[in-house]
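Visitor: fold the following, please.
(4 chains)
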Amino acid sequence: MILNPASMKPIYVQISEWLEAEILNGHLPGDERVYSQYQLAEMFNVNPATAAKGLNLLADEEIVYKQRGLGMYVAPEAQDRILAKRKERFVNGLLREVVSEAGRLGIGKEELISLIREIAREGSGERTREEERGKEKGTE
Amino acid sequence: MFSAETDLWAVAAKQYLYKLKSHSGFALGFVATQIIALFSGGIGGFSSSGSNVMVTVTRYTSAVPFIYTSIWIFVLALTLTGRSDEKKDFSLVANRTSNHLANIGVLLSAWLYGGVGTTLLMGLQRWYLYFSSEQGEVIANGFYLTGRSLALALAAILLYLLLLTAASYLIGVLIRISYLFTVLLPAVLFAWARLNGNALQRIGTFFLREPSLSLFALKVLTAALVLFGFSVLISSRLEVNG
Amino acid sequence: MIVVEAKKLGKNYGRVKGGVQAIRGLSFIMEENKIIGLIGRNGAGKTTLLKMIAGYLRPTGGMLRVFEREPFNDLTVSAKTLFVDDSMTFPLSFTLADILREAARFFPGFDAKLAEALAEYFSLNLKKSHHHLSKGTKSTFNAIIGIASHCPLTLFDEPTSGMDSSVRKDFYRALLKDYIQHPRTIILSSHLLSEVEELLEDILLIHAGAECLHLPVADLKEYAIGLRGPARNVGELAQGREILHREEFGQGNIYLVVKKNFSPERLEEARTRGVETVPIATDDLCNYLTGSKGGIDDVFRRN
Amino acid sequence: MVSLILLVLIIFLVLLSAKAAIFRVKLTSWKTGAVLAGVYLVILLLSVLFLPLLPSGKLAEPAVHSAQLTSSPDPKVLFRLAAEESPGLGTKAYPAGIYQNSGQEFTLEGATLHLKIPNNGNYIVLVEKSDKLAGKIKAATFVSTYESAGIDFTARIAPPFISLQNNTLTVEPGLPQRFTFKVAENSPFGSQFKGGKTGRAMEELGYSNFSSTMGWQAICLVVPKDLKIDKGNSFVIVQ
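Guide: Just a heads-up that it's a prediction; the model follows:
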């Protein structure tokens, strides 16, 4: 597994995002054991402490839960929580950004909506879009 | 919390073996010089010429091999105390004391090997003498070795060599402390000899004129102990550089 | 458990007065079983510090404890510590196989099988003599010893110098995998953080013998932030904060790097006023922290 | 002593600068060094153990310690020996320490004997007039038995040439002689210690008191009583 070291996101955030993706695409169903910090460390070639921090991030958000002495397990409602979190982030972050940028460019509200419709119609192959956000968009 | 003391002697023993292996080349150097000493022939011991008669007696002694051996052990001492060796030693587990113990162990092994080798060379020397000489040329007296003569020679060679070994180690340690000693040591000795030659001579006499072997052994052992001990003492707080 | 502890540690070379001060007033704690990065520019005192920890050099000031002992000339510390560096040398008469055998005698945790497997992987000829190796191969071999010895405290001083980049990657990967199997304290010195960053848990950044930064590496990316925009607005936002880096560009525009402790609202508000926030790459951060304030541009401005 | 120390120091300094590569043989394997060192030691041991196998016949004959002359012998004894009918050349049955190494008889042709003997002090020349001889001269040379360095030189020393021509007796030194010997000594320190008989052959074998003349030599001439002797420059003792 390859991380993007040049990314401005800390490595542990990248790891937690990867785990989220694994949960979302069903590779890690509810109550399934998550990779240990050491497995993650080996997979991503990072310090186990960094991997642990990524796991803890998910634990804080209750996407995974700790089973004492056994490790981390995927919370049954993990998918929903991730989706909710991302939706919130999308709306509050990206969408607001789009709206304010459109305002700066003088794109009217109606025009913006029709533009979005058009783009959505263009195809369901959105995932191939070049931007990092493309992935997030696709999952929506 | 952390585990207890490391056993100094165990580490020193490991280091000793390590050094012994790493300096095994010195054994070859020894063999080479001894063979050179062997074939370099005897030293013109005595010659007398009257009006008509001239007698030359060439002496084949252990003196030349002994000088080679003492230089050999001196170089070994310098190598053992040198900076480049120090780095090799401290790459693994070591401290000053263990390093000194291992060094002295190696030196004493070399001393024993060198001393025994130098003594036994008397045998090879006689074979060489026998086959390189003409009929009637070799004086029979002293040619065949007796156990007693061998033992005495071995004792004398070993004891003198021990004295030189210990002195060499001290010189090596001093030079390790500062290169200045390469100049300083001869200068001091020279000045001393000039100003107070008698004292130096007395030191020489102290060893060279001791007729009792057991007393001589006692003197040498004490001196060696003092020299080695002093070497360890003055360098116990030295940093590892290089 | 604390493996290395330093308090106001100092080291002067040469005479006490007028000597070179290699380390001045370092205080830090290194905990057990972590991989710690010792980062600093060339001449920052990394090697001096490591040599003091290894017990080679004697501190001239302050306090240093390794395994709760004074490390200088201490056999117990030496037995648990392995210092791997560029100039690690071995006797000429030893083949690589001999050296591995010797290391196994000295270090009870030495994994001979691993060492041999690594040597084979890096295509080292074990019958060769150590001093016949090229610089890069020597570094590789020394690194193998560092990994396979499983010393409770392993110090790597710029271990990858001379290695080519694929070997470097493999070495770091090998070190990590072995560390996961045999957790121990590893101090890794480098002048380039980005190379070792992922491997580290903590980082100790030193400059001119003094400490700049000592924190978990995960916090490093969030330590500082770059602000770019109109000089007035940027200046207002950064007021009263420590400026790590300053660069002017364009007309009335400025780029500042400051410690990151802004509330998200403040940043959002600044964004509306044309101040862009830029994350700081860790290498750049190290450079800002250890560099002279003006940077290379200052030199040219003077001319 | 001081010069010896200086010499040693100079050697050491040279070594220091040269690092004495000869002693520091570089090896690719320490095992080679260990094996060779062991082999060498075994060879040395064997050389000592098998030394007695070398036949002694090749060595210089050791001296049989015969009585040594402590002072010059009584000339009378020498004359008696020289005058004897058949000189026992090389016999050791002579009085202690005396050895005759030549004996000659010359026939005289005149009444005056001219002597031509170099005065180099190497030998004493004794002349005795005897009434038992007529027209003849007996010349005998003697040496004191001489051993040194375990070698009996007595018989090895060539006698001077003595010849008679035209009633002139000429004594010429024998051909120059050169002896070379080799001696195997023991430790260079052995003599230091009490009972160190096995020490330096130098003292032990006694060749420190080698004399260049190899001891005492005498030429004895027994001449007829009525012979006139012209001594010339020669120094002779006429009895």
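Visitor: helix, strand, or coil at residue C:214?
Guide: With DSSP: H, G, I helix; E, B strand; the rest coil as the basis, residue C:214 sits in strand.
Visitor: isn't it up against residue C:202?
Guide: Yes. In terms of CB atoms under 8 Å, residue C:214 counts as a neighbour of residue C:202; the distance is 7.1 Å. Just so you know, the C-beta spots here come from the backbone N, C-alpha and C atoms, and that holds for glycine as well.
Visitor: the more surrounded of those two?
Guide: Neighbours per residue, other CB atoms under 10 Å in any protein chain shown: of residue C:214 and residue C:202, the larger number sits with residue C:202, 23 against 16.
Visitor: for that one, give the beta-bridge partners.
Guide: Beta-bridge pairing of residue C:202, defined through DSSP bridges, involves residue C:36, residue C:216.
Visitor: hmm, residue C:39 and it touching each other?
Guide: No. With contact taken as CB under 8 Å, residue C:202 and residue C:39 are classed as non-touching, separated by 10.6 Å.
Visitor: how close does the residue of chain A found nearest chain D get to residue C:175?
Guide: Taking CB to the nearest CB, chain D has its nearest neighbour within chain A at residue A:45, 38.4 Å off. Counting by CB to CB, to the nearest Å, the gap from residue A:45 to residue C:175 is 10 Å.
Visitor: OK, contacts around residue D:217?
Guide: D:122-124, D:141-144, D:157 (CB atoms under 8 Å, 6 or more residues apart in numbering or on different chains).
Visitor: mark which of the residues you listed are buried, thanks.
Guide: Neighbour-count burial (16 or more other CB atoms under 10 Å in any protein chain shown) is assigned, among the contacts of residue D:217, to D:122-124, D:141-144, D:157.
Visitor: which residues are in contact with the nearest residue to residue C:262 once chain neighbours are set aside?
Guide: The shortest distance from residue C:262 to any residue other than its chain neighbours is 7.2 Å, reached at residue C:225 (CB to CB, 6 or more residues apart in numbering or on different chains). Residue C:225 makes contacts with C:257-260, C:262, C:277-280, as judged by CB under 8 Å, 6+ apart.
Visitor: buried subset of these, written for PyMOL?
Guide: Only the buried entries of these go into this PyMOL selection, using 16+ other CB under 10 Å:
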select buried, chain C and resi 257+258+260+262+277+279+280
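Visitor: let's see which of the contacts of residue C:225 end up in strands.
Guide: By the criterion of DSSP state E, membership of the contacts of residue C:225 in strands covers C:257-259, C:277-279.
Visitor: which residues touch the nearest residue to residue C:222 once chain neighbours are set aside?
Guide: Beyond its immediate neighbours in the sequence, the residue positioned closest to residue C:222 (CB to CB, 6+ apart) is residue C:260, lying 5.8 Å away. For residue C:260, the contacting residues are C:222-225, taking CB under 8 Å, 6+ apart as the criterion.
Visitor: likewise residue C:187?
Guide: With contacts defined as CB under 8 Å, 6+ apart, residue C:187 is in contact with C:4, C:30, C:36-38, C:50, C:53, C:153-156.
Visitor: 6 Å - rerun?
Guide: Neighbouring residues of residue C:187 by CB atoms under 6 Å, 6 or more residues apart in numbering or on different chains: C:36, C:38, C:155.
Visitor: now it, what's its secondary structure?
Guide: Using three-state DSSP, the structure places residue C:187 in strand.
Visitor: give me the beta-bridge partners of it?
Guide: Each beta-bridge partner of residue C:187 is listed here, defined by DSSP bridges: residue C:36, residue C:155.
Visitor: ok, it to chain D distance?
Guide: 32 Å (CB to the nearest CB, to the nearest Å).
Visitor: so how far is stretch A:60-79 from its chain's centroid?
Guide: Average the C-alpha atoms of stretch A:60-79, do the same for its chain, and the two points are 17 Å apart (CA atoms, centre = their mean, to the nearest Å).
Visitor: and that stretch, what's buried?
Guide: Within stretch A:60-79, the residues that qualify as buried are A:63-64, A:72-75, A:78-79, counting by 16+ other CB under 10 Å.
Visitor: now stretch B:199-210
Guide: Judged by neighbour count (16+ other CB under 10 Å), stretch B:199-210 contains these buried residues: B:200, B:207, B:210.
Visitor: the helix or strand of chain D with the lowest mean pLDDT: what's the following helix or strand?
Guide: Ranking every helix and strand in chain D by mean pLDDT, DSSP states H and E puts helix D:201-204 at the bottom, with a mean of 49. Where DSSP states H and E defines the elements, the next helix or strand beyond helix D:201-204 is strand D:217-224.
Visitor: which stretches of chain B form helices?
Guide: Under the criterion DSSP state H, chain B carries helices at the ranges B:8-22, B:24-39, B:63-81, B:83-91, B:96-132, B:147-177, B:181-195, B:197-208, B:213-234.
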